[in-house]
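Peer 1: output the structure for:
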Amino acid sequence: MLAVFGLDLAFPPPLERAQMVSPVVLDRNGAWLQAFTTPDGRWRLAARLDEIDPVYLRRVVQIEDARFYWHPGVDPLALTRAIFNYARTGQISSGASTITMQVARLVEPRPRTVASKIIEIVRAVQIERRLSKREILAIYLQLAPYGGNIEGVRAATRAYFERDPVWLDDAEMALLIALPQAPEARRPDRRPQAARAARSNRRRFPKA
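Peer 2: From the prediction side, this is the model:
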């Protein structure tokens, strides 16, 4: 146990990327004027959960990781299904990735391999030891890809809807939930037809 704790301290998850956000220029009244890209060339705005539509937050969790608030970073049920699927097909299933595992992948991108998945699992457990669920969700919504150099839901709504995500309609929520799964294939500025299809696909929304 001491060895595991020592390794955890010696090799912490690299969460620095989550702190790197775009500088924003406001006018004297606090109104938005302009934002600049981060040093790594991304358009990434700070995601504050209290400034994001709560219905959207609930739907993201329900669709991406229904047991998010209960698991320790890894969902044992989803992981077991993924292991059986890999044994049967030889393919790595993305459905086993919890929101925390996705955060691990976003802060430390790796090739899609079995070894990478194992590292993601370890990193997810480390992240859960350090951050609250709300902090983890905020990082996910700040780093998730939305096409091009756009990262995070706030940058996405600014780019595609010209406003912050304080309130979103069902079509906007559907697009924003679908985009990180295939950001280049569904981005509205390059693939309008695919984006419209994503906006109209609300069947995945859990019933209220």
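Peer 1: can you list the weak-confidence ranges in this structure?
Peer 2: For the chain, the stretches flagged by pLDDT under 70 are 1-10, 82, 86-95, 202-208.
Peer 1: mind listing the strands for it?
Peer 2: Using DSSP state E, the strands of the chain run over 24-26, 32-35, 43-44, 150-151.
Peer 1: so which of those strands gets nearest F68?
Peer 2: The closest of the strands of the chain to F68 is strand 150-151. By Cβ to Cβ, the value is 20.3 Å. (C-beta placed from N, C-alpha, C; glycine too.)
Peer 1: now stretch 23-36: buried residues?
Peer 2: By 16 or more other Cβ atoms under 10 Å, the buried positions in stretch 23-36 come out as A35.
Peer 1: one more: stretch 128-137?
Peer 2: Within stretch 128-137, the residues that qualify as buried are E128, L131, I136, L137, counting by 16+ other Cβ under 10 Å.
Peer 1: wait, which of those is closest to Q19?
Peer 2: Once Cβ to Cβ is applied, the member of the buried residues of stretch 128-137 that ends up nearest Q19 is L131, at 12.5 Å.
Peer 1: and the closest residue to that closest one other than its chain neighbours, how close does it get to R17?
Peer 2: In space, and not counting its chain neighbours, L131 is closest to I139: 7.5 Å by Cβ to Cβ, 6 or more residues apart in numbering. Relative to R17, I139 is positioned 9 Å away (Cβ to Cβ, to the nearest Å).
Peer 1: overlap in contacts, the two.
Peer 2: Here I139 and R17 have L106, V107 as joint contacts, going by Cβ atoms under 8 Å, 6 or more residues apart in numbering.
Peer 1: okay, the two: which has more neighbours?
Peer 2: Set side by side, I139 and R17 show more neighbours around I139, with 24 against 18, by other Cβ atoms under 10 Å.
Peer 1: and that one, what is it in contact with?
Peer 2: Applying Cβ under 8 Å, 6+ apart, we find I139 in contact with L15, A18, A47, V103, L106, V107, L131.
Peer 1: any chance of these in CSV, plus distance to D65?
Peer 2: Shown next, in CSV, are the contacts of I139 (distance: Cβ to Cβ, whole Å):
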residue, distance to D65
L15, 19
A18, 18
A47, 16
V103, 11
L106, 14
V107, 17
L131, 15
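Peer 1: compare these and tell me which has the most neighbours.
Peer 2: For those, neighbours tallied by other Cβ under 10 Å; top is V103, 31 neighbours.
Peer 1: give me the distance between that residue and A182.
Peer 2: Look at V103 and A182: by Cβ to Cβ, they are 19 Å apart.
Peer 1: kindly report the same for L131.
Peer 2: 27 Å.
Peer 1: same question for R191.
Peer 2: In terms of Cβ to Cβ, R191 sits 9 Å off from A182.
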